[in-house]
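Enquirer: After the sequence you'll find the predicted model.
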Amino acid sequence: MLRKTRRGNVIIGSTVEHAGFDKRVTPATLAEFAHGAFAHFPRLRGLNVIRSWAGLRPASPDHRPIIQLMEEPAGLCLAVGHSRRGICYAAATGRLVAELIGGQPPSIPLEAFRLERFSPALATGASRDGGVR
């Protein structure tokens, strides 16, 4: 991805790295982005890097989100583990969370998104009925 901001800066980036919780930006990654940008936009060669940042894309082990209303602690609703698809699933996840915390049946079956799929021990406090109380 490469785009120019209103202030005239150029933003270059976006990778998918499995780095755990390490948010450091490596010189190798910066160099890779720069070389790719220079190949398409040679006039960028004289520019300086003024900042870099990294973000996490938390994913569940099976890369499906966890969406579930918990019984303990009461009112806790999980909507996590979307990985890089979070922005794509945001509207549907928001609707499901609103349904769950509003006491309505979810608009789609949520069995495939339950915490218990990993281990029944992980789901202590999980609502057994998909979150409807």
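Expert: Thanks, I have it.

Enquirer: going forward, measure contacts between C-alpha atoms and count neighbours the same way
Expert: Fine.

Enquirer: all strands in the protein, in order from the N-terminus.
Expert: Secondary structure of the chain (DSSP state E): strands at 2-4, 10-12, 66-69, 77-80.

Enquirer: For the second one, which helices and strands make contact with it?
Expert: The contact analysis (3 or more C-alpha pairs under 8 Å, 6 or more residues apart in numbering; DSSP states H and E) places strand 10-12 against strand 2-4, helix 27-40.

Enquirer: tell me the mean pLDDT for the first one?
Expert: When you say that, I think you mean strand 2-4. On average, the pLDDT along strand 2-4 is 84.

Enquirer: Stretch 67-81 too?
Expert: 92.

Enquirer: Pull it out as CSV, backbone CA atoms only.
Expert: The C-alpha trace of stretch 67-81 is given here as CSV (Å, rounded to 0.1, in the frame of the first residue of the first chain):
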residue,chain,number,x,y,z
ILE,A,67,-18.3,-14.3,19.5
GLN,A,68,-20.0,-15.2,22.7
LEU,A,69,-21.8,-13.8,25.7
MET,A,70,-20.3,-15.1,28.9
GLU,A,71,-22.2,-15.9,32.1
GLU,A,72,-19.2,-15.1,34.3
PRO,A,73,-18.4,-12.4,34.5
ALA,A,74,-21.9,-11.4,33.9
GLY,A,75,-22.4,-9.2,30.8
LEU,A,76,-19.0,-9.9,29.2
CYS,A,77,-19.4,-10.4,25.5
LEU,A,78,-16.4,-11.7,23.5
ALA,A,79,-15.9,-10.5,20.0
VAL,A,80,-12.2,-11.2,19.4
GLY,A,81,-9.7,-13.1,17.2
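
Enquirer: And the top helix by length along the chain, how far out from the chain middle?
Expert: In terms of residue count, the longest helix belonging to the chain (DSSP state H) is helix 86-101. Centroid separation between helix 86-101 and its chain, computed with C-alpha atoms, centre = their mean, to the nearest Å, is 13 Å.
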